[in-house]
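# following is a predicted model, sequence given first.
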Amino acid sequence: GPKFPQVVVLFGATGDLSRRKLLPGLYHLALAGFIPGYRIIGVSLDEHDADSFRAFTRKALDEFSGRPINEADWSAFAETLDYVPLSAGAEVLKAAVARAETALDGETRRLHYLSVPPAAALSVVRLLGEADLVERARIIMEKPFGTDLASAVSLNARLHEVFTEEQIFRIDHFLGKEAAQNILAFRFANGLFEPIWNRTFIDHVQIDVPETLGLGQRTGFYEATGAFKDMVVTHLFQILGFMAMEPPTSLESGPISEEKNKVFRSMLPIDPKEVVRGQYAGYRSEPGVDPLSETETFIALQCRIDNWRWAGVPFFLRTGKKLAEGQRIISIAFREPPKSMFPAGSGVGAQGPDHLTFDLADATKMSLSFYGKRPGPGMRLDKLSMQFSMKDTDFVGEVLEAYERLILDAMRGDHTLFNTAEGIERLWEVSQPLLDEPPPVRLYAPGSWGPKSIHQLVAPHAWRLPF
Ligand code: BG6
């Protein structure tokens, strides 16, 4: 954990992310004893005081912490909570931080967590400058970071007027998932896989993250964001970076970012003709949604990485809300063998190519599926699989939820699992043709796999899901 006690200033403290992940995550980190001391100051547009914010937090923990709350633990945690409405301004915020620091005594650090929409990020950064809360501070910026290339460039420039790059942590919680880091272990700790990790052996890759959930109370945020900015330019592209990068010279943040950024530089601009945007039927009549909304709740697209390793290997990405299943898989389809002696009708190839699949679920799963012989006379083939599931291991140890892991890393000043300005700007640049000319949204039925045209997008390949 971090060496020094932390004053966490949580902007967007009453928002959805804060309720679901950040407050429960901070509670868990505090309880697990990873942080030597802490105070948390909630800030948002809502008019809370410290007591009503405590009540709000308690409710969030009851609902989302995933375990029963112990009353003694809770009162210790509750005591560390304070609240400042955003409208109170710089001086009041500064005083609240000073109070928190006095309560902690000794050397302390500040962690500003900006869980606010892109349009609000800049004014919060300015506020922090005005309140003189920059020294001894680190700042976590939530995604999406900007809304296009120009806004990301300008946000980075403004941010650098107040904070140094060392202080800035651009978060992408998918990189905090155990399973995402397992991609690195899998690829670079084994002799078996890396030699075949290229265009000679791999036919195509799918990164597929369908979700069953709808938007709940998030329509206000989502209307201005949509599936591409919410999920693709952020999480899915970052995962693509881990899948496609060259071996870094070491596991430190510099070399990892460098290799990921090289992948991003090799990506061809997205061709809007290779994108399917969808919207689930009924979205337009949800509260907070424009009845003529063109916001996509679904997106599928093809990405091309134009380098020696990946030239000609399509990466298909898909994600959306209110789909048939919740999954987070990366699936690698291998090339067909050059020649087959198995007769037609034997079943060879009938269930698609052989595959390696990563499941980014909280408990990592990986499987290798391949053709093998069915028992019995003759040669009939079937798809078999070798599987690993973290759930079935007797591995014990503290498993940190993605946000918890990343908050802890930021408190320790470790940038390894965070994004650089350069990488993010490049991803917006790659995305610009789609932002400029988005294809029209196509309706899909809630509970389906998206609009029908997703099949044409990947033809002659097929979507790996549903299994
Ligand atoms: C968030 C998006 O970043 O990631 C949400 O804003 C999405 O729309 C969520 O549902 C998915 O994260 P996870 O960890 O549940 O797969």
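Arrived safely.
# for the ligand, what's the nearest residue on this structure?
Going by CB to the nearest ligand atom, the ligand is nearest to residue 230 of the chain, at 4.7 Å. To be clear about C-beta, it is placed using only N, CA and C from the backbone, and glycine gets the same treatment.
# my guess is that residue contacts residue 147. True?
No. Here residue 230 does not reach residue 147: they are 11.1 Å apart, not a contact under CB atoms under 8 Å.
# give me the more crowded residue out of these two.
Taking other CB atoms under 10 Å, residue 230 and residue 147 do not tie; residue 230 has more neighbours (21 against 18).
# after the helix or strand hosting residue 240, next one along is what?
Taking DSSP states H and E as the criterion, residue 240 maps to helix 237-244. Following helix 237-244 in sequence order, the next helix or strand is helix 253-266 (DSSP H and E).
# tell me which stretches of the stretch 151-300 of the chain form helices.
178-188, 219-223, 226-227, 237-244, 253-266 (DSSP state H, counting those that start in this stretch).
# burial of residue 445, as a residue count?
The burial count for residue 445: 14, using other CB under 10 Å.
# do the same with residue 391
11.
# quick revisit: ok, the residue of the chain closest to the ligand - contacts?
Contact analysis of residue 230 by CB atoms under 8 Å, 6 or more residues apart in numbering lists 144, 222.
# so what's it scoring on pLDDT?
Looking at residue 230, its pLDDT is 96.
# what do you get for residue 467?
Reported pLDDT for residue 467: 85.
# for it, grab the count of nearby residues.
11.
# what's the spacing between residue 171 and residue 15?
Separation of residue 171 from residue 15 (CB to CB, to the nearest Å): 14 Å.
# and those two? which has more neighbours close in?
More crowded of residue 171 and residue 15, by other CB under 10 Å: residue 171, with 25 against 21.
# my read is that the more buried one contacts residue 418, right?
Yes. In this structure, residue 171 is within contact of residue 418 by CB under 8 Å, at 6.2 Å.
# and residue 127, how many neighbours does it have?
By other CB under 10 Å, neighbour count at residue 127 equals 19.
# with residue 290 instead?
Neighbours of residue 290 (other CB under 10 Å): 11.
# could you measure from the residue nearest to residue 296 when sequence neighbours are not counted over to residue 434?
Spatial nearest neighbour of residue 296, chain neighbours left out: residue 277 (4.0 Å); criterion: CB to CB, 6 or more residues apart in numbering. Separation of residue 277 from residue 434 (CB to CB): 9 Å.
# what do the two both touch?
The contact sets of residue 277 and residue 434 overlap at residue 228 (CB under 8 Å, 6+ apart).
# if you count surrounding residues, which of these two has more?
More neighbours surround residue 277 than the other of residue 277 and residue 434, with 26 against 21 (other CB under 10 Å).
# look up how far residue 78 lies from that one.
Residue 277 is 44 Å from residue 78, by CB to CB.
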